[in-house]
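just coords:
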């Protein structure tokens, strides 16, 4: 699950929370190879691939720096979280849509 602000200003840093669970329980961090965010702007282009940072088991953050945000086109944007566990061969994807304004 991905959570964040519904609307963000492109000159500012903004953060998304990624929650990784299995059967309602936090997924252990030692079983996750990586968490990444694919950041798309209003044109549908990938602006940046951003590594997720571990907060605690089952909780990661993806931070979009202000300098990266400033390069984005305003409008309907999205972040797609990609979770790659060691124990499963196929990564999991979950997208969150938000509005960017200048």
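Yes, it's here. The shown structure was predicted, so the numbers you read here are calculated from the model rather than taken from an experiment.

Helices along the protein, start to end?
Read by DSSP state H, the chain holds these helices, from start to end of the chain: 66-69.

partner strands of the lowest-mean-pLDDT helix or strand in the chain, parallel or antiparallel?
Least confident helix or strand, the chain: strand 21-22 with a mean of 92, by mean pLDDT, DSSP states H and E. Sheet pairing for strand 21-22, assigned by DSSP bridges, gives strand 25-26 (antiparallel).

Please enumerate residues in contact with the partner strand?
Residues outside strand 25-26 that contact it (CB atoms under 8 Å, 6 or more residues apart in numbering): 19, 20, 56, 57, 58, 59. Glycine gets a C-beta too; all of them are placed from N, C-alpha and C.

So what's the gap between that strand and the chain middle?
Centre-to-centre, strand 25-26 and its host chain are 19 Å apart (CA atoms, centre = their mean, to the nearest Å).

pLDDT averaged over it - what is it?
Taken as a whole, strand 25-26 carries a mean pLDDT of 96.

same thing with stretch 63-70?
Rounded mean pLDDT across stretch 63-70 is 96.

repeat for stretch 88-102
Rounded mean pLDDT across stretch 88-102 is 94.

what residues are up against residue 32?
Contacts of residue 32 (CB under 8 Å, 6+ apart): 20, 83, 84, 85, 86.

ok, the fourth one to residue 43 distance?
Here the distance between residue 85 and residue 43 works out to 31 Å (CB to CB, to the nearest Å).

Which one of these two is surrounded by more residues?
residue 85 (18 against 10; other CB atoms under 10 Å).

for residue 27, phi and psi?
phi -80, psi 130 (degrees, to the nearest 10).

shouldn't it be in contact with residue 33?
No: look at residue 27 against residue 33 with CB atoms under 8 Å: they stay out of range, at 11.6 Å.

any shared contact partners between the two?
residue 85.

So for those two, which sits in the more crowded spot?
Legend: neighbour count by other CB under 10 Å for residue 27 and residue 33, higher for residue 27 (20 against 11).

Nothing else from me, thank you.
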